[in-house]
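S.K.: Take a look and give me a structure for this.
(2 chains)
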Amino acid sequence: NAGVTQTPKFRVLKTGQSMTLLCAQDMNHEYMYWYRQDPGMGLRLIHYSVGEGTTAKGEVPDGYNVSRLKKQNFLLGLESAAPSQTSVYFCASSTGPGQGDNQPQHFGDGTRLSIL
Amino acid sequence: AQSVTQLDSQVPVFEEAPVELRCNYSSSVSVYLFWYVQYPNQGLQLLLKYLSGSTLVKGINGFEAEFNKSQTSFHLRKPSVHISDTAEYFCAVSRTGFQKLVFGTGTRLLVSP
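M.R.: Residues are numbered from 1 along each chain as shown, chains lettered A, B, ... in the order given. Reported below is the predicted structural model:
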């Protein structure tokens, strides 16, 4: 009963370091999303994917890259971390066209990332 | 483009009192509306959704919301809150259920004894 799993749960980086956040879903969902959550700003979409091998920019894509090589995984990369990227990152997934009625997005528990 | 406004950043209430969390949206097309709840150090869970049909939507944990197209609102209500309802609540809108959601800034519900 895993749903959406994010790895790692916590991480502290130094400015300029790189890292990759992993999101895995076991619900055969077509669509996957990466959000960041900052105090007083709600959740903002970074990138999303409508299927294996595809990615698209969201509202705040700068400084991030993503890849969806396998349907069940969606990776978020920070090439050169900056303090402004300190945030809580959430991955979500949802059904796509042809997968039944419109279904809500399912969220992981988040990754708390601090950039010093 | 769609947008969501949650006017109240924080709502304090006593246990067993009723509560209403306000959400207004703007969109030039028909939308789907959602309320999500986030408990401390957890991800978001769906409380309820409005896709079509009856404008009064019932969700989990005794919450309900009413879609008002003329006022472009989707307020969340509960007749009697519990301490365990203390959490942050997010209203969200999308053009379809599986497309990218646009979230409000959230309302923190604080229930005290």
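S.K.: Going along the chain, name the strands of chain B.
M.R.: Taking DSSP state E, the strands of chain B run over residues B:3-5, B:10-14, B:19-21, B:24-26, B:32-38, B:44-50, B:56-58, B:64-68, B:73-78, B:87-94, B:102-103, B:107-112.
S.K.: For chain A, what lies in contact range of chain B?
M.R.: Residues of chain A found near chain B, taking CB under 8 Å from any CB of the partner chain as the criterion, are A:4, A:30-31, A:33, A:35, A:40-45, A:48, A:58, A:90, A:92, A:94-97, A:99, A:101-105, A:107-110. Yep, even glycine has a C-beta here, placed from its N, CA and C like the rest.
S.K.: Select only the buried ones of those residues in PyMOL?
M.R.: To isolate the buried subset of these in PyMOL, counting by 16 or more other CB atoms under 10 Å in any protein chain shown, use the following:
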select buried, chain A and resi 4+30+31+33+35+42+43+44+45+48+58+90+92+94+95+96+102+103+104+105+107+108+109+110
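S.K.: Find the residue at the geometric middle of chain B.
M.R.: Computing the C-alpha centroid of chain B and ranking residues by CA atoms, centre = their mean puts residue B:35 first, at 3.5 Å.
S.K.: show me what contacts the closest residue to that residue other than its chain neighbours?
M.R.: Nearest in space to residue B:35, with sequence neighbours left out and distances taken as CB to CB, 6 or more residues apart in numbering or on different chains, is residue B:47 at 4.3 Å. Taking CB atoms under 8 Å, 6 or more residues apart in numbering or on different chains as the contact definition, residue B:47 lies against B:34-37, B:59-61, B:63, B:76, B:89.
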